[in-house]
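>>> model this:
(one chain, ligands or ions: 1)
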Amino acid sequence: MWVNDKLVARLRELGTPVRRSVSLAEQTSLGIGGTTDEILLQCHETIPQVMHLLAGEAIPHKFLGSGTNVLVADGELSFVVLHRPGTGSGTRVEGNAAYVDAAADLGGTVTFCAKHDLGGMEGLIGVPGSVGGALRMNAGAYGAQIGPHVREVELYRAASGQIETLRGSDIRFDYRYTSFAPDDVMLGVKLELPSKPYRDILAGIKVCNEKRRASQPLSQKSAGCIFKNPPGGSAGLMIDELGLKSHRVGDAMVSDRHANFFVNSGHASCADMLGLIDDVRERVRAAYGIELENEVIIWRN
Ligand code: EPU
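The predicted model follows:
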């Protein structure tokens, strides 16, 4: 999907540059995805105007965070992507509250808060991605989830066309589920975290890092776990029990370390990965009578 030159010029006037023909394979942790134009939302105050312009031209769009939990279609994409660049260097702490830009790296945020003696998020240390992505899917690991710490979220709501602030208590956070609308764009969050000495937080972080290194294929291209765990069960355990580690479709392969991680072992296409997802889901359904739900978000063309 290509943004026309007139629109590129109008977006530039709003301080919103457009990168032409970007490969999403280079912007996603799976290393899979076709090409499209990318609109860089450098200044979040202008997002409503940017969205208004896109709506006026009927340009389909999707918001890309750090690209660590998304499987993108191959080829020329039928939508443009919006992306907020930035490192979230503006994170600040006041008492037990941390104010964090949604574009900030999640692991970096856990460490930053730890340095201010604020803990509770140790388990999230190795979860790849941005704070905004973690918020959207209520990321969790090793007993920690982001949801319980959320006090306020600033976001762009497509439904109202405005930037709004939601109270944490008005958002539902469940296992890998939130009540945000699919087209909400996370901008910032206020977290409330328990006080804890830095050295104790570091000790907790070390334990989580060791567990993760021992069980997950961290050096390979993946989107983390492909499926959500079914209630009371483990998708990884079931797939492993079926002997499917290293099972592949093209270059998409079930990890030989953790069976709920599907890795791009070379030049996997989206079609390869979708084929593997469907095949494994079907085998689990046949053997266990359980229909696994995707955790990875799929952007079809
Ligand atoms: N197991 C196997 N074989 C495997 C994988 C797992 O036998 O190939 C067994 C493990 O030995 C363990 C059980 O299955 O007894 C559960 O495994 P694990 O502790 O790795 O946890 P998980 O349920 O597979 C979840 C999250 C991970 C998170 C870990 C640690 C989901 C879908 N996954 O994995 O999150 O890092 O717990 O808390 O909830 C993610 O969401 O992308 C993710 C990586």
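>>> run through the helices of the stretch 101-250 of the chain in chain order.
Ranges of helices in the stretch 101-250 of the chain, per DSSP state H, counting those that start in this stretch, are 106-115, 131-137, 198-215, 235-241.
>>> enumerate the residues of the stretch 101-250 of the chain near the ligand.
For the stretch 101-250 of the chain, the residues in contact with the ligand (Cβ under 6 Å from any ligand atom) are 141-142, 215, 224-225, 228-229, 234, 236-237, 240. Using the backbone N, CA and C atoms, a C-beta is placed for each residue, glycine as well.
>>> make it 8 Å
123, 126-127, 139-143, 175-176, 211-212, 215-216, 223-225, 227-229, 234-237, 239-241, 245 (Cβ under 8 Å from any ligand atom).
>>> would you show me how to pick out the buried ones of those in ChimeraX?
Of those, the buried ones can be selected in ChimeraX as follows, counting by 16 or more other Cβ atoms under 10 Å:
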select :123,126,127,139,140,141,142,176,212,216,223,224,225,227,228,229,235,236,239,240,245
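>>> measure the residue of the stretch 51-200 of the chain found nearest the ligand to residue 5 for me?
Residue nearest to the ligand within the stretch 51-200 of the chain: residue 141 (3.7 Å; Cβ to the nearest ligand atom). Distance, residue 141 to residue 5, by Cβ to Cβ, to the nearest Å: 45 Å.
>>> with residue 54 instead?
Counting by Cβ to Cβ - residue 54 and residue 5 are separated by 15 Å.
>>> the more surrounded of these two?
Each of residue 54 and residue 5 has its neighbours counted (other Cβ atoms under 10 Å); residue 54 has more, 18 against 9.
>>> what sits against the spatially closest residue to residue 218 that is not a sequence neighbour?
Sequence neighbours aside, residue 212 is the residue nearest to residue 218 in space, at 6.9 Å (criterion: Cβ to Cβ, 6 or more residues apart in numbering). When contacts are counted by Cβ atoms under 8 Å, 6 or more residues apart in numbering, residue 212 touches 126, 141-142, 218.
>>> TSV for those, including pLDDT and distance to residue 114?
TSV is the format used below for these (pLDDT from 0 to 100; distance: Cβ to Cβ, whole Å):
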residue	pLDDT	distance to residue 114
126	93	14
141	96	16
142	96	15
218	96	21
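>>> contacts only, for residue 294.
Per Cβ under 8 Å, 6+ apart, neighbours of residue 294: 226-228, 277.
>>> rerun at 7 Å
Under the criterion of Cβ atoms under 7 Å, 6 or more residues apart in numbering, the neighbours of residue 294 are 226-227.
>>> with the one 3 residues further on instead?
Neighbour list for residue 297: 69-70 [criterion: Cβ under 7 Å, 6+ apart].
>>> what of residue 179?
Contacts of residue 179 (Cβ under 7 Å, 6+ apart): 171-172.
>>> now do the same for it: its pLDDT.
At residue 179, the predicted lDDT confidence score is 98.
>>> so residue 300 touches residue 72, yeah?
No. Taking Cβ atoms under 7 Å as the definition, residue 300 is not a contact partner of residue 72, at 8.9 Å.
>>> right, I'll call it a day here.
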